[in-house]
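1. Take a look and give me a structure for this.
(2 chains)
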Protein chains: 2
Amino acid sequence: MSSLNANDGWTVTQNGFDPEGNRVFESLFSLGNGHFGGRGNHEEAYSGDSLPGNYLAGVFYPDPTRVGWWKNGYPDYFAKVLNAADWKPIHISVDGEPLDLATATIVSFERVLHMRTGELTRSFRATLPNGVTVDVEALRFVSIVRRHLGAIRYRITPVDADVSLEVSAQVNGDVVNQDSNYDEGFWDEVSRSVSEARGHVVLRTKKTAFECATAMAYEVRRNGQRLPITSRVEEAERFVASTIDVDAAAGQTIEITKYGANATSREMPADEIVGCCDAQLDAALATGFDELQAEHRAAWEHRWDISDVVIGGDPAAQQGIRFNIFQLNATFTGDDPDLNIGPKGFTGEKYGGVTYWDTEAFCLPFYLATSEPEVSKNLLNYRHRQLGRAIENAGKLGFTNGAALYPMVTINGEECHNEWEITFEEIHRNGAIAFAIFNYIRHTGDEHHLLDGGLEVLIAISRFWAQRVSFSEPKQAWVILGVTGPNEYENNVDNNWYTNVMARWTLRYTAEAISRARELDPQRAQAIVEGVALDEDAELDRWNTIAEGIHLPEDPERGVFLQQGNYLDKELLTVDDLDPAERPIHQHWSWDRILRSCYIKQADVLQGLLVFEDEYDLDTIRRNFDFYEPRTVHESSLSPSVHAVLAVRLGRLDKAHEMMLRTARLDLDDVNADTDEGCHITSMAGTWIAAVHGFGGMRVVDGELHLDPVLAPGWTSLGFQAQYRRAWFSVTATRTSLTIENRSDTTRPVWIGSTRQMVGAHDTVRVERSARPVD
Amino acid sequence: MSSLNANDGWTVTQNGFDPEGNRVFESLFSLGNGHFGGRGNHEEAYSGDSLPGNYLAGVFYPDPTRVGWWKNGYPDYFAKVLNAADWKPIHISVDGEPLDLATATIVSFERVLHMRTGELTRSFRATLPNGVTVDVEALRFVSIVRRHLGAIRYRITPVDADVSLEVSAQVNGDVVNQDSNYDEGFWDEVSRSVSEARGHVVLRTKKTAFECATAMAYEVRRNGQRLPITSRVEEAERFVASTIDVDAAAGQTIEITKYGANATSREMPADEIVGCCDAQLDAALATGFDELQAEHRAAWEHRWDISDVVIGGDPAAQQGIRFNIFQLNATFTGDDPDLNIGPKGFTGEKYGGVTYWDTEAFCLPFYLATSEPEVSKNLLNYRHRQLGRAIENAGKLGFTNGAALYPMVTINGEECHNEWEITFEEIHRNGAIAFAIFNYIRHTGDEHHLLDGGLEVLIAISRFWAQRVSFSEPKQAWVILGVTGPNEYENNVDNNWYTNVMARWTLRYTAEAISRARELDPQRAQAIVEGVALDEDAELDRWNTIAEGIHLPEDPERGVFLQQGNYLDKELLTVDDLDPAERPIHQHWSWDRILRSCYIKQADVLQGLLVFEDEYDLDTIRRNFDFYEPRTVHESSLSPSVHAVLAVRLGRLDKAHEMMLRTARLDLDDVNADTDEGCHITSMAGTWIAAVHGFGGMRVVDGELHLDPVLAPGWTSLGFQAQYRRAWFSVTATRTSLTIENRSDTTRPVWIGSTRQMVGAHDTVRVERSARPVD
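-> As a prediction, this is how the structure comes out:
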């Protein structure tokens, strides 16, 4: 990806046209506003390789499960967020010749993502097959102020000839998902309409019956003069177009301003969606492009204000983390408890746009620190609202008494995934969902969340663990057999340390949470406990017995925890022993070979040490890091960030920096050769964790915020934002100082290393401070 | 299945029409001759529920693999023996009304499988919707004398009205496999022809390009008088029909004699298949139905002579084992080393008609004792001919140096199966294939088989084991990680005792076999060893080291071997603890629950104790039996027979009898509710093992035959045949005597219990003998 300009911290630039890399760039140049968004496809017709992608958050189709050998308990479908009707197309003909970058001769081409302003621009000069050369300047944004609206300003100028242009503004619903199991179409048309400079299609998803309107309006200007739209209209199944003819003299610029609006029956009654779009378009036309752009830019400025990370002296890291934060803000805004964070956000259709444990384990910490608590609370509410389905899901697997197993993959609470070793056995996700409740309360102080659903989720998950364990006679301990840990390169193992530790923690915390809820509000707490028919004596007694007696495999000689009971039986090679030609191993080795090897896909024991780092001394973390990291191939995008945090803690700053860059630039550098399918949105939150929890040393311990910044080699400064219990700290660390600016009305103490310091409202604390000593 | 008459040891009778059970009966009434065969579908048109099935041995289609989540190493296709053109249809109209048992009123109906003669008869009286009542008597066989030929005699008599009949003899190639992955058609037409009373279609399989001719000829008689065929012919894609009109007075019988011939390019050049069919039909017409029937019956008489098992006093067991032996003889005749024994034989399309480890572990002992050694040798040659593919298969999984992993499922040596836990991990199949070589030599004395391919197979398999083990530091032993044992209700376990024991045995036997081959023929042995580039010092040394140091998990307290290293960590319930409503568990429990339970699908440790029973004392077998059998749900058809043999050995005759009946009557009683898909052919060999190895006590020890019959409760006698090193013993045991008739020219010693007795050629030895004492 040598054509990416890595030297500007605020932009991602493609210099030069690159048809082979087009899908990768389309992923990188995606835009979204948490409600809709899509890939960086060209506005004009493009006959080259492309993955068209326009997505409406939460609008999905239940794609029938495809499987070779059915196992009892598999779900019937995989929910997939759909490729929806496209509001963007502006097809152009010049003297009858279609403008198509795949057939034109490209004189110059630049595509730029402006992260600061949330805008995508393209400028190119191209000579068409008929010899006409045109300059194009296109600018597009998906408004983060008006959740239904997108806008495009498209300027085309014939360079050296007078030409006749045909401009066709379109809404195109004739789209498919490329990642579908049976090549089915997912959409039916409900209605369509086009006249003059307005048009829309209304489509309904098959089976799920979401109705979605996609509408457009446009204006055309020449020399800044608005032209009357005397258009020809065209209609087809799921398609409308409005076409006008415009003459342009050489050097004369024709400007098309196009607005797109999307509305869905997920958000409002179906009979209001067309009206909603119309109102949005009317308002947009009345407001005008410049003002819409200005309000959008102002909103992005605020977003950056509260979420930016500034890295001095390392342009690659700076660009990487900004790109990650940009995408996280474009993917999820937290104002709708039915929405969550799909692994590809609005950048691709892979993984169906559905929810994984990534949300709780990786994304939540980012949103906790960079937005109001309501945003994170909606992530928790999402799971609480799906508790019934999680209990049903556990029921299908034989669990009773209100035990819940949250799905591995879901959009509406039902399980969608269908590999037994993952679907049924990667149960640690339940632990992450329980821990998120604690993590949210720890960060926000909002203990009342226990009464607002947290307790019910915790009890249901603890009931799951209490049934999922069994007692081993030889070990005289509770064991959890047949699981897959975070490291998916081991399947169906017994006593995954991480899973067992998460189970123990959940059982203990749930008991504490019940007590605390009773203190906060005895009546409501009692109602909750009665509502779930908790047999408090018997069940809590069993939870305690299990927590006290659960088997946590370890190797006393090495002083390390064991990823699973039999791990040491493996041949203990390291990544250095691998033939580089056989990496990544998941593309070169058969599955059995991977499974019986010692190689680790992503942090597993180390994930546990990250989650519970307060409970383990540095020597323990070091021994485990030194044992597992050399065996870790990091073939999950979620792996490097965890290692980065621990490496900082261990003072392994080179390793931490390597891991930080790997996660930060995963998509920009197409490290896993799969960015063509979309960006790794959830692992982007891991980048932020690496920066802020890792290098920034930010933690909440005993209800107070701790900071302990340390700079990677070559870094001159590190700045980040932290929302914390209604305070807002802007933190800047250099090699010799630490500055904490409290930008809120709330005074809070902050621990700087081992010193506790009150930071008053709107006050700034600056301490001189040499780099943290490194062991 | 109450309509099955269980009281006749030589027939299986369906009394009364049963449209719901029709698929089950179609399975039970299948006929075959080792080369082609099919299900007991009706000759006349039938619009009710039916699974049409006609199969040509070895003719397959590579059905593209369907999988939810692709794993590296999965095969591209699953080979499926095809539902082929049907030679049987004789469609009848009576006064213009189609004869269709689904629309007629059935007055009486009987369908009988005559196992002694290999014939299927149907007789019914039916009243058609137009009020006409007809009697039909149909008789059909698939000749075991003429491998390409089938014959039908179909008699129809109007009961009380003069009628006009329309008789349409057809070849119908418009067929599909119901068990296909993508609803693809598997056949293209090459040519077709029909004129007068002859017709054929030639079809070619897609991709594999097998050409297959299916031809028919027929005659029609009234009052025994052959009628001139003045037919109308009809053709369509893959279909031909010849139709004549015949008047029949009330009570007058019209007899249609139809012959079908099949020939394939698998057996002969493609341009000869039509000629082959024509010659077969010419010969059949010249020979006549009665004589064809007579020669077929004589051949079956001989088959029964050499393979029958007679059980006195237990009609259910008698009928069951005869049905099993009948099907085994109909499925495989051993005259073609490219053929093998599909799990459903010619009775259904499930499991693709391809080869599993069942062949070596279950079927081989039957064919060893009931046919000439050449038959069994062809089963061994099948694997030897596929050795190159097995080495390629191992190569795909990362093995080198000529290591072979035979496929889990194959028709041509390539792996077809695609569940990683089976395909890649159920590697014990390699052990069964190695052991079959030893077993064959032990039974036949044909040590030269080592030089004829046996040694190369053994070396390649030993090389696999030598690479598949790894050394465990904690155990200071060689371990085999990540396997699935015979009990498929545990996946990806470490140190499956059975697998490890098989590996150890293979390594040792291969070393012995190399020595023995050198004694037999030093030059050829040297050539073989050099041909596979065996580094004899280094490799045999490693094999010996592994065999000496392989980990064999056991529980010293209980004195049992452990199915896998972690087995005792499970909750050790028994089958009695299961809710009967939740059985079979594979239909009620999710896969993870099955995997972490202690419940066993089929013999695993006990399979090993059966294979190596000489090496373990009775107490050891008893302890393991008492530990594992109560935890075994027998949800594999291969399970009960193994338990039956061991139970006999332990004197648990009630248990043995229960297991014997379960395996013997599995299909007749539709025990697993899946006989509609076809019969469990390979497990039928298990029934024979239960009867002859189990109750008959037949074994080969140190190169000599041992007999030790014991009768199940209620049995008055047990008779069976044993081919053994060119001798042929007919054995009959009663409660007080044992008679051994040597029907061959070869004198051999036989051990009766602990007494060695020479049995001269054509001599009969009779000993008085009370029932074997039972401990």
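
2. just the strands in the stretch 301-450 of chain A please.
-> Assigned by DSSP state E, counting those that start in this stretch, the stretch 301-450 of chain A shows strands spanning A:309-312.

3. how deep is A:Gln467 tucked in, by neighbour count?
-> A:Gln467: 17 surrounding residues under other CB atoms under 10 Å in any protein chain shown. (C-beta placed from N, C-alpha, C; glycine too.)

4. Please apply the same query to A:Val701.
-> Neighbours of A:Val701 (other CB under 10 Å): 11.

5. mind listing what it touches?
-> Counting by CB atoms under 8 Å, 6 or more residues apart in numbering or on different chains, A:Val701 makes contact with A:614, A:751.

6. Which residues of the stretch 351-500 of chain A lie near chain B?
-> A:396-398, A:418-421, A:424-425, A:470-475, A:479, A:481-482, A:491-494 (CB under 8 Å from any CB of the partner chain).

7. Low-confidence stretches in chain A?
-> A:1-7, A:771-775 (pLDDT under 70).

8. one more time with 50
-> In the predicted model of chain A, residues A:1-3, A:773-775 satisfy pLDDT under 50.

9. quick one: the longest helix along it to chain centroid distance?
-> Longest helix of chain A, by residue count under DSSP state H: helix A:497-520. Averaged C-alpha coordinates place helix A:497-520 at 28 Å from its chain's average position (CA atoms, centre = their mean, to the nearest Å).

10. Buried residues in that helix, which are they?
-> Going by neighbour count (16 or more other CB atoms under 10 Å in any protein chain shown), the buried part of helix A:497-520 is A:497-511, A:513-514, A:516-518.

11. got it, and stretch A:45-53?
-> Result for stretch A:45-53 [16+ other CB under 10 Å]: buried residues A:45-46, A:50-53.

12. So among the residues of the stretch 351-500 of chain A next to chain B, which ones count as buried?
-> For these, buried by 16+ other CB under 10 Å: A:397-398, A:418-421, A:424-425, A:470-472, A:475, A:479, A:481-482, A:491-494.

13. didn't A:Phe612 look like it was pressed against A:Trp505?
-> Yes: using CB atoms under 8 Å, A:Phe612 is in contact with A:Trp505, at 7.0 Å.

14. Ignoring the adjacent residues along the chain, who's closest to A:His762?
-> A:Asn742 (6.1 Å; CB to CB, 6 or more residues apart in numbering or on different chains).

15. State the number of residues packed around that neighbour.
-> By the measure other CB under 10 Å, the count of residues near A:Asn742 is 22.

16. Just read off the phi/psi values of it.
-> Main-chain torsions, A:Asn742, degrees, to the nearest 10: phi -90, psi 110.

17. residues in contact with it?
-> Taking CB under 8 Å, 6+ apart, we find A:Asn742 in contact with A:727-729, A:748, A:759-765.

18. Spell out the secondary structure type for A:Gly185.
-> Secondary structure, DSSP: H, G, I helix; E, B strand; the rest coil: A:Gly185 is coil.

19. distance of the residue nearest to it when sequence neighbours are not counted from A:Tyr61?
-> Using CB to CB, 6+ apart and skipping residues adjacent in sequence, the residue nearest A:Gly185 is A:Val176, 6.4 Å away. To A:Tyr61, A:Val176 is 11 Å away according to CB to CB, to the nearest Å.

20. any shared contact partners between those two?
-> Any residue near both A:Val176 and A:Tyr61 by CB under 8 Å, 6+ apart counts here, and that gives A:Phe186.

21. Looking at the two, which has the bigger crowd around it?
-> A:Tyr61 (25 against 15).

22. Using PDB, write out every CA atom in the helix or strand hosting A:Ala286.
-> Using DSSP states H and E, A:Ala286 falls within helix A:273-287. Backbone C-alpha positions of helix A:273-287 (Å, rounded to 0.1, in the frame of the first residue of the first chain) are rendered in PDB as follows:
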ATOM      1  CA  ILE A 273     -40.100   6.400   6.400                       C
ATOM      2  CA  VAL A 274     -40.700   8.000   3.100                       C
ATOM      3  CA  GLY A 275     -42.000  11.100   4.800                       C
ATOM      4  CA  CYS A 276     -38.900  11.100   7.000                       C
ATOM      5  CA  CYS A 277     -36.700  11.000   3.900                       C
ATOM      6  CA  ASP A 278     -38.600  13.700   2.200                       C
ATOM      7  CA  ALA A 279     -38.400  16.000   5.200                       C
ATOM      8  CA  GLN A 280     -34.600  15.300   5.500                       C
ATOM      9  CA  LEU A 281     -34.100  16.200   1.800                       C
ATOM     10  CA  ASP A 282     -36.300  19.300   2.100                       C
ATOM     11  CA  ALA A 283     -34.300  20.500   5.000                       C
ATOM     12  CA  ALA A 284     -31.000  19.700   3.300                       C
ATOM     13  CA  LEU A 285     -32.000  21.600   0.200                       C
ATOM     14  CA  ALA A 286     -33.100  24.500   2.300                       C
ATOM     15  CA  THR A 287     -30.000  24.500   4.500                       C
END
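
23. Which parts of the stretch 451-600 of chain A are strands?
-> Going by DSSP E, counting those that start in this stretch, the stretch 451-600 of chain A shows strands at A:470-472, A:477-479, A:554-555, A:560-561.
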